[in-house]
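Student: Next comes the sequence, and after it the predicted model I'd like to discuss.
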Amino acid sequence: MSATAVHSLWTMAGGVTSAAPVEKFKAPVIEYTQLAPVLIVIGVAVVGVLVEAFVPRRARYYTQVFLTVVALAAAFAAVVGLAAGGYGTTKAHIAAMGAVAIDGPTLFLQGTILLTSLVAVFTFAERRLDPAAHGNHVDSFAAQAASVPGSDSEKAAVKAGFTTTEVFPLVLFSVAGMLVFPAANDLLTLFVALEVFSLPLYLLCAVARRKRLMSQEAAVKYFLLGAFSSAFLLFGIALLYGYAGSVSYAAIADVVDGAVTKIDPALADTMGNDALLLIGGAMILTGLLFKVGAVPFHMWTPDVYQGAPTPVTGFMAAATKVAAFGALLRLLYVVLPGLAWDWRPVMWAVAIVTMLGGAIVAITQTDIKRLLAYSSIAHAGFILAGVIATTPDGISSVLFYLGAYSFVTVGAFAVVTLVRDAGGEATHLSKWAGLGRRSPLVAAVFAVFLLAFAGIPLTSGFSGKFAVFKAAADGGAGGLVVVGVISSAIAAFFYIRVIVLMFFSEPKADGPTVAVPSPLTMTTIAVGVAVTLVLGLAPQYFLDLASQAGVFVR
Amino acid sequence: MSFPLLTATAALPAIGAVATAAVPAARRTTAKWLALVFSLATLVLAGIALARFEPGGDRYQLTESHAWIKDFGVRYELGVDGIGVALMALTALLIPFVILAGWHDADPLETKSSRWRPTQGFFALILMVEAMVILSFEATDVFLFYILFEAMLIPMYFLIGGFGDRAHTGSDENAAAQRSYAAVKFLLYNLVGGLIMLAAVIGLYVVAGTFSLSEIAEARANGSLSMATGTERWLFLGFFFAFAVKAPLWPLHTWLPNAMGEATSPVAVLITAVVDKVGTFAMLRFCLQLFPEASKWATPVIIVLALISIVYGALLAVGQRDIKRLIAYASISHFGFIILGIFAMTSQGQSGATLYMVNHGISTAALMLVAGFLITRRGSRLIADYGGVQKVAPILAGTFLIGGLATLSLPGLAPFVSEFLVLVGAFSAYPAAGIIATTGIVLAALYVLVLYQRTMTGPVKAEVQGMADLKVRELAVVLPLIALLLFLGVYPKPLTEIVNPAVQHTMSDVQKKDPQPEVEAAK
Amino acid sequence: MENLIALLVAAPLLGAAVLLCGGRRLDRAGHWIGTLLAAASFVVGVVLFLDMLGKGAEDRALHQKLFSWIPVEGFQADVAFQLDQLSMTFVLLITGVGTLIHIYSIGYMEHDERRRRFFGYLNLFLAAMLILVIADNYLLLYVGWEGVGLASYLLIGFWQHKPSAATAAKKAFLVNRVGDMGLSIAIMLMFTTFGTFAFGPVLEATGETGEGKLTAIGLMLLLAACGKSAQVPLQSWLGDAMEGPTPVSALIHAATMVTAGVYLIVRSGAIFNAAPDAQLVVVVVGAVTLLFGAIVGCAKDDIKKALAGSTMSQIGYMILAAGLGPIGYVFAIMHLVTHGFFKAGLFLGAGSVMHGMNDEVDMRKFGGLRKYMPVTFITFGLGYLAIIGFPGLSGFFSKDKIIEAAFAKGGTEGWILGSVALLGAAITAFYMTRVMLLTFFGEKRWQPDAEGHEPHPHESPKSMTIPMIVLAFGSVFAGGFFSIGDRFLNWLEPVTGHSHGHAPVSATTVTAATMVVLVIGVAIAWAMYGRKPVPVVAPRGSLLTRAARRDLLQDDFNHVVLVRGGEHLTRSLVYVDHTLVDGVVNGTAASMGGLSGRLRKLQNGYARSYAVSMFGGTAVLIAATLLMRAV
Amino acid sequence: MNPVNYLYLAALLFTIGAAGVLIRRNAIVVFMCVELMLNACNLAFVTFSRMHGNLDGQIIAFFTMVVAAAEVVVGLAIIVSVFRSRHSASVDDASLMKL
């Protein structure tokens, strides 16, 4: 590169472009109504922080729960309004100066995230499961997260009836990040959204009331690995920026497709350098695959799922996956379709090891939360199969799967919160023996969720699995379907094992009790079951929705 | 719009299942009666369907068609041909007997907490299975069928694992472990089969773009659908594998003895007489119809497997020490005959196979249920624990013998008709296969008579002393079945008339003609 | 008239149904119902017979189609009956002798609490046998064929509490099933060859197919016949079948069951006529069995088993005759009928003896019974004379014809067959004389049984003796009646056809030779058993005797090869099923678990190793992407 | 100076950071290595920004810094609370959950 070729930014303005008229600085146009869902959630989150500061301790819980529910519901209403207004289809466009895409997938995923979160928040607010401490109802979260476990200060906090009502604003912040994540239309927004939804999650992981050491360990692992992965993501972004000279999806896609013919010869070395593109692309994929929990970036999943407070696990498992797959879809379909020949084989491999790895390792798990974590890994593999289809059908099938899966997950973890013994939740599988005898209804509900995970027909899991496999087969990935089917068979083994344990084993004398939850958790579970069955029996409406929504705007 | 008879026939037991499950814990008897009434009402509906079915009419009759999952190319399409309506009627017929035979099988041993309602669950699950099986016989949409094919595993699984035979040897824990092993084995085998079929189902959609049998047939007829040879074969194998597991065909059979051994006798009947028929039915309905070329391509191997099943199942039946496992292996042998008949691809073979499905259902039900009554009395499944029952309970022994004779296909009883048709059909296409299969009739006599001799004849064993003969409820189960066996053995014409046209359709699907007799061929 | 045919079967079938389903209420009247219905069937038979006699020889055959049984594309099986002279002969024999045996059983089974059921089974037996002989197609014949098997199973095993009876019954059924396999294969062959298995079309079309097919069909039919008629190599069940009550033995040996094989071969004459190779096998089987049965009969001390050996031998004669073709068909049937009389008489006589001897069957424990049971002695004696072919009695006429026909076969074959038949006659004379001498002559040899009950030999009640007397009449006069004016020949010829062979020796010579061997046989028996007292415990005997006592080791062969071999086979298959077939699946599951356990170790809890996995993953991802591009 | 060299430096720093994450036990140090990686990214952004002659990269760098700061807040909070409960900041000590 010659010295003349390198311009200083300062000289560039006056030098090269001096002939052209100076562009006027245009004020950014922000379409506030179209961003309303995000704005509502963020706004209420901020209010939530203020509530922590100003509202008396006794009223905080109710205020926060109320605010959170209202915020999520209002945001969902906004999403529905936008969708009804045609922003998902005909009026789909890039908003906020190119930062955010308002289109079908965005709205569908935002709707899914909001609904899932709404349902999950009910489990956050549940205060009937643990026995009351010092006359106060307690939830799943530590009285005072800052106090050392087992210390006097913790006891004092419990005695004083402290509660960590901060979890509600944290959830809202996280949700806001998730809403932006799949909508992000440039890499910077992607990165910021990632951090916005991740950081609150790290904290949420750390604030369990019981088994606090594990909770903190989960948080630290999640945090370090998450930060590590986002560093990769960021470096990938840097490389892509170097490759295309822009972080906007559309601009990068143009360069990838070779649509940009006029390349400044001075920049020829970097711009359009395929090595930058490929390495950068791979590193961004790393970041996203970490979030979806694909092998070999999955190893945080079991530990974090196990250690985090179960309501958080449910929320995280469902919503994070939705958001991350949304972003992955957009990246692969909007930015890198021209590169499909390069990333498809790699993703094939990832999908295969993810499906098989998740299913195989799950076989020998003994903790229900870890089991579900591995199950989520296997499911990530199934969804990847749909992602790889690279057809419109692929998009809509993934959207549908995400919708179906997230409700099952939230429901399943909600059931996990119910089974308790003296040490809190009894997550070891041996303690679940004979649950079907003791509480047939709870066991039956959990069995429904497990069957949905296993993809048994007449549950949403089957519809979803069928949709992605069909898309994959249609998209020429028949091999993936076969592997998917095999790993489904393996996976069936451990779902069935749990069912066997619940129904066919004799209950143990010192077995756990099933707590009777408040209407909050009941709602969560009921919604989970209802969605599972409706999507299993009559999925057509939702499939229509997904296929209408399955078009990305560029 | 006419009354959706087929839907109603399937929906009624489903409603019954829900109603039965909802009966309060203490009203156990109410639940039983409710289940029985619903199953009888279903039988009435199935009878109406049978009566309305015109043998000479369209291929699929009483059809219903509604949009269901457009995105998957799936319609809720029902319709029955002669084969479907016959098997549907069989299912509806057997369930009341199953319920009646299992009257006390799910009574709780001791009063547990009020929420535990095994009795209600037992009968509700049976009705659920009935609903799914009936609907699967009616489905003319591959996807709809597939869904039911898989979904029926779940209630079956709970029936096997949750309500084991109380007659067992060894400790309770051991029995529970064996039972859940059997249930898991049943489910996993069938689930693996089903999942492999799922891959093929998806492949079919990719190739055909629809799941409707009629649309596929139409597309094939007007040439807009043509499958590459390789594709067709892979898809065929995917479907066939699932059906072969369900049927079960050697070497995919090992789940059946476990499942039938550990389940209560009525549930064992449900497995072998009803649920497994879905597998053989599907071979006839889907494998041959969807993949005629591949079916012909695979015929030699399948015939060999079927022959192995026949001989192997029979030999293993001879070697069993457990009454129910013996019957299970006998069933494996019989399923070999059915599959042989289907893939012989002659009119006689396929008519025989269809009749065989019906007759085997009835005969196994008779034998297994009587065996169940016997086992309940003595509390043991081991053949060696019996002896001389004939002396103390002659009616039980007599009905057991008749069930056994039906199993060994004695002329005059229904199974003979079907077995002979299968043999003739197989022989005319593959003489060697026909001859090998014929050895099955000797082996059948061996295992049946050995079983009868060891349990019923000889000096009366001390434990058998004072054994009660069949009670009214039990007679109500057995006698109608025996009457039916006799009737269909002497006068199977009503059944063959229904079945024949359907078989001719299948034969034309695979474009096969019966081999001509040598004398006529020479002319 | 046609409509009466169904009645033939219906009557005993009704009897069976009523008696078996009727329950204890019918216990007191059961035997009467059974006997009456059997008699009714006989009456119907007689009516039909008289009607038949009134018609010309060619249009005597009656047909009746009841309904279409199994209508399937290309496959028509009807329930239809055909009553021609051959069937008529059998109908009369079956119902006539059968009815007599029913009557006899009233007395014989008087003290058995399950007598009602016994009569039900007897009626079932008759019904099945009647279906067999009046069916108009092979498939319906097969129904009767298996029905006979079932009825024999039930009757042989009637005393089920005795393990030996149950075993014998099972054995009979199983061996018969092997034969049935032959019949079913034959039917399948007919179906693929002729497209039908009705008698008429099949037998008329034999000319239109090759000899190979016909030979195959013939051999399969022979296999079937061997099973039912207890011919070598499927004869082993017959001796054991003596475990049944004696009337059952009479029924099986005289009127039903064993005669079915002869019927089948004669009925299928057209097939055998066109398949000389098959015929040859038939005569060989007949000849071998003839000697086999006779030899076994010589060695048995059990009166019923001795008679059983005799049956086997006599049926051997019939099969031999049937194998000779048109020369022999008529004589086979004639011998069958006369044999029906005298063998039924002999068995009933044996039953009568046992009745009076506390069910003792060992002839070495009889002796001198002629004084105690004169009626039995006389009727049994007449039967004895008939069977050995004493001139003028039934057996003389029928057996003589067969021997003649055997010689008439011509060539070396003819000489061999004729000589075998003659030898058989000599042995028959020997063992029947032995039976006679051991039972009715000499000193009384009976002893108190284990509980000290001394037998008190006595004559049997009327219900038992009257049938014996009737049968004795038949034994004496039937042969003569049939032979005079070739009555029987003329009667059957339209159905079976007949040809006269050219015997290398004249009929007179044959008769004379027969007389000579007869005298020799009787003389040897007298020398061995009549002149000197008979030991109560059987001497060890020669090698042949010992072998013959064990049915010429055939059971031992079966036991070692089939039973033991089968046990090993099934046991090893059970093992294979468990370890191999199931093992593969369980093994897959286990190895999956093992793999899981190993992979699980990667999740070691250290965040840094997780980071390594991510880092490595990224590296691989990058490398793979670059590599993809490079390739 | 050729700006590409800055890219090499950025890559080097990134690698050093990554290696630190993999090698070091102390959670704080691990975390600082992550920060190093983020800063390497920043360097790359700025370099590319200069090479492309547009401002995007530099703006992104600011965002990254803010994000990194936020990460520090959250990260330190977690690490400190873990340290207080375990009296150890070693990431290897936090291995209760495994397999």
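Tutor: Received the coordinates, thanks. Given the structure is predicted, the values throughout are model-derived calculations rather than measurements.
Student: C-alpha only now, for contacts and for neighbours.
Tutor: Fine.
Student: Would you tell me what the next helix or strand after the lengthiest strand in chain B is?
Tutor: Counting residues, the longest strand found in chain B (DSSP state E) is strand B:61-69. On the C-terminal side of strand B:61-69, the closest following helix or strand by DSSP states H and E is strand B:74-80.
Student: what's the angle between the helix or strand that that next one is followed by and strand B:74-80?
Tutor: As assigned by DSSP H and E, the chain's next helix or strand after strand B:74-80 is helix B:82-101. Going by axes from the mean of the first three to the mean of the last three CA atoms, to 10 degrees, helix B:82-101 is angled at 90 degrees with respect to strand B:74-80.
Student: who are the neighbours of helix B:82-101, in terms of helices and strands?
Tutor: Packing partners of helix B:82-101 (3 or more CA pairs under 8 Å, 6 or more residues apart in numbering or on different chains; DSSP states H and E): helix B:28-52, helix B:118-138, helix B:265-269, helix B:347-378, helix B:472-490, helix B:493-509.
Student: Look at the residue of chain D found nearest chain B and report its pLDDT.
Tutor: Going by CA to the nearest CA, chain B is nearest to residue D:99 of chain D, at 25.1 Å. For residue D:99, the model assigns a pLDDT of 73.
Student: What's the separation between it and residue A:302?
Tutor: Distance from residue D:99 to residue A:302, counting by CA to CA, to the nearest Å: 9 Å.
Student: The two: who's more crowded?
Tutor: residue A:302 (27 against 19; other CA atoms under 10 Å in any protein chain shown).
Student: Next up, phi/psi of that one, please.
Tutor: Residue A:302 adopts backbone torsions of phi -60, psi -40, taken as degrees, to the nearest 10.
Student: Go ahead and confirm it touches residue A:376.
Tutor: No: between residue A:302 and residue A:376 there is no contact under CA atoms under 8 Å: 9.3 Å.
Student: Distance of residue C:181 relative to chain A?
Tutor: Separation of residue C:181 from chain A (CA to the nearest CA, to the nearest Å) stands at 44 Å.
Student: And what about that residue, helix, strand or coil?
Tutor: Three-state call for residue C:181 (DSSP: H, G, I helix; E, B strand; the rest coil): helix.
Student: count of residues packed around it?
Tutor: Residue C:181 sits with 23 neighbouring residues when counted by other CA under 10 Å.
Student: With residue C:174 as the reference, measure out to it.
Tutor: 11 Å.
Student: Does the helix or strand harbouring residue A:233 reach chain D?
Tutor: Using DSSP H and E, residue A:233 sits within helix A:212-244. Yes: residues of helix A:212-244 contacting chain D under CA under 8 Å from any CA of the partner chain: A:213-214, A:216-217, A:219-220, A:223-224, A:227-228, A:231, A:234-235, A:238-239, A:241-242.
Student: out of those, who's near chain C?
Tutor: The residues of the residues of helix A:212-244 next to chain D that also fall near chain C, by CA under 8 Å from any CA, are A:224, A:228.
Student: Which strands border the lengthiest strand in chain C, and is each parallel or antiparallel?
Tutor: For chain C, the longest strand by residue count, based on DSSP E, is strand C:62-72. Counting by DSSP bridges, the strands paired with strand C:62-72 are strand C:75-83 (antiparallel).
Student: The strand it pairs with to helix B:472-490, inter-axis angle?
Tutor: 90 degrees.
Student: Which positions within strand C:75-83 qualify as buried?
Tutor: Judged by neighbour count (16 or more other CA atoms under 10 Å in any protein chain shown), strand C:75-83 contains these buried residues: C:75, C:77, C:78, C:79, C:80, C:81, C:82, C:83.
Student: Give me the nearest residue to residue B:84, chain neighbours excluded.
Tutor: residue B:137 (5.2 Å; CA to CA, 6 or more residues apart in numbering or on different chains).
Student: Could you work out the end-to-end span of stretch C:150-162 for me?
Tutor: End to end - CA to CA - stretch C:150-162 spans 19 Å.
Student: and that stretch, anywhere near chain B?
Tutor: Yes: shown here: stretch C:150-162 in contact with chain B (CA under 8 Å from any CA) through C:160, C:161, C:162.
Student: Enumerate every residue touching whichever residue of the stretch 101-250 of chain A sits closest to chain C.
Tutor: Per CA to the nearest CA, residue A:221 is where the stretch 101-250 of chain A lies closest to chain C, at 5.8 Å. Contacts for residue A:221 (CA atoms under 8 Å, 6 or more residues apart in numbering or on different chains) come out as A:300, A:303, A:304, C:607.
Student: For whichever residue of chain C sits closest to chain B, identify the helix or strand it belongs to.
Tutor: Using CA to the nearest CA, the single residue of chain C nearest to chain B is residue C:161, 4.0 Å away. Per DSSP H and E, residue C:161 falls between elements, in no helix or strand.
Student: One more: residue A:381?
Tutor: Residue A:381 belongs to helix A:368-388, assigned by DSSP H and E.
Student: in the following helix or strand past that helix, what counts as buried?
Tutor: Using DSSP H and E, the helix or strand that follows helix A:368-388 towards the C-terminus is helix A:392-418. Buried residues in helix A:392-418, defined by neighbour count with 16+ other CA under 10 Å: A:392-418.
Student: just checking, next helix/strand downstream of helix A:392-418?
Tutor: strand A:419-421.
Student: Tell me, how many residues neighbour the closest residue to chain B within the stretch 301-450 of chain A?
Tutor: Residue of the stretch 301-450 of chain A nearest chain B, by CA to the nearest CA: residue A:437 (6.3 Å). Counted with other CA under 10 Å, the neighbours of residue A:437 add up to 21.
Student: same thing with the one 4 residues further on?
Tutor: Residue A:441 has 14 neighbouring residues, counting by other CA under 10 Å.
Student: likewise residue C:539?
Tutor: Residue C:539 - counted by other CA under 10 Å - has 10 other residues nearby.
Student: That one in helix, strand or coil?
Tutor: Relying on three-state DSSP, one would call residue C:539 coil.
Student: how close does it sit to residue C:545?
Tutor: Applying CA to CA to residue C:539 and residue C:545 gives a distance of 10 Å.
Student: now residue C:95
Tutor: Distance from residue C:95 to residue C:545, by CA to CA: 38 Å.
Student: Is residue C:502 in a helix, a strand, or coil?
Tutor: Residue C:502 - assigned by three-state DSSP - is coil.
Student: Contact partners for it?
Tutor: Residue C:502 neighbours (CA under 8 Å, 6+ apart): C:408, C:409, C:410.
Student: most neighbours, which of the residues you listed?
Tutor: Most neighbours among the contacts of residue C:502, by other CA under 10 Å: residue C:408, with 25 neighbours.
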